[in-house]
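[1] what would the 3D arrangement of this be:
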Amino acid sequence: MYLGACGEKKSPEASVQPTTGQYFDVVGFVQKQAALLEKEKPGAVKTVSENQEVTETKKITNLDWQEELETFRELDINKPAFRNAYASTRQPDPNTGNITITYRKKPGYDGTVQYLSVTTTSSGQVLEVKGLQESENILLRSRREMKLQCHTENGTVRVTSYTIKGFQKPIIFGALQYTIFTKIG
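    Residues are numbered from 1 along each chain as shown. Next up is the predicted model:
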């Protein structure tokens with residue numbers, strides 16, 4: 001199994017509105033976060049659970065952050081085939097000033113991403129990216145909930161943790177539920 005993350009400098013690219021495409025630019029955001037992590041080279045503690053039992057916890061250094069975050073690139077809804085496929089809602093938090101924009105797939109559209117939710121500060125710095133990906137074919141049914149959490153320090157947004165909760169049910173084998181949690185730094 002493998003995992004993913006988030007974090008970047010305060011800039012126009014850090015805002016919830018993408019600079020390219022109709023929806024939030026997950027691919028660009030994740031790519032910038034991976035580059036920042038590659039530069040800073042933080043360690044991480046990963047915990048993997050299968051069928052609700054912890055199977056491994058390990059401190060890891062020298063991670064390939066591009067590979068670690070690859071799963072989160074799969075939440076990309078800016079592909080031309082998804083033009084107008086997602087409806088968005090904007091929810092401000094009156095207590096914190098944070099803003100959450102959620103993109104939900106409209107009925108009748110193809111694609112595995114069911115929703116993408118991005119929470120930012122009022123100034124546009126990304127705090128959290130969440131999404132749900134589901135697919136089903138004749139051989140396998142799968143579901144993955146993914147979440148990147150970030151924190152701002154000295155004007156730079158950095159990933160602090162990420163979680164992938166998944167379910168796989170092959171046609172001829174039993175179901176597998178798994179959780180991968182990574183704490184960075």
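[2] going forward, measure contacts between C-alpha atoms and count neighbours the same way
    Will do.
[3] tell me how far the closest residue to Y109 other than its chain neighbours lies from P107.
    Using Cα to Cα, 6 or more residues apart in numbering and skipping the chain neighbours, the partner closest in space to Y109 is A85 (6.0 Å). Counting by Cα to Cα, to the nearest Å, the gap from A85 to P107 is 8 Å.
[4] more neighbours, these two?
    A85 (19 against 8; other Cα atoms under 10 Å).
[5] how near is that one to T71?
    A85 sits 21 Å away from T71, going by Cα to Cα.
[6] what's the offset of the biggest helix by length in the chain from the middle of its chain?
    As assigned by DSSP state H, the longest helix anywhere in the chain is helix 26-40. Relative to its chain's centre, helix 26-40 lies at 12 Å (Cα atoms, centre = their mean, to the nearest Å).
[7] now stretch 146-155
    Worked out by Cα atoms, centre = their mean, stretch 146-155 lies 12 Å from the chain centre.
[8] with stretch 99-111 instead?
    Remark: stretch 99-111 is offset 15 Å from the chain centroid, using Cα atoms, centre = their mean.
[9] now what about that stretch, what contacts it?
    16, 23, 82, 85-93, 113-122 (Cα atoms under 8 Å, 6 or more residues apart in numbering).
[10] ChimeraX command to pick out the buried ones of the residues you listed?
    To isolate the buried members of the contacts of stretch 99-111 in ChimeraX, using 16 or more other Cα atoms under 10 Å:
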select :16,23,82,85,86,88,92,113,114,115,116,117,118,119,120,121,122
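[11] tell me which of the contacts of stretch 99-111 fall in helices.
    Reading helices off the contacts of stretch 99-111, I find no matches (DSSP H).
[12] quick check: buried residues in the longest helix of the chain?
    For helix 26-40, a neighbour-count test (16+ other Cα under 10 Å) marks V26, V27, G28, F29, V30, Q31, K32, Q33, A34, A35, L36, L37 as buried.
[13] much appreciated, bye for now.
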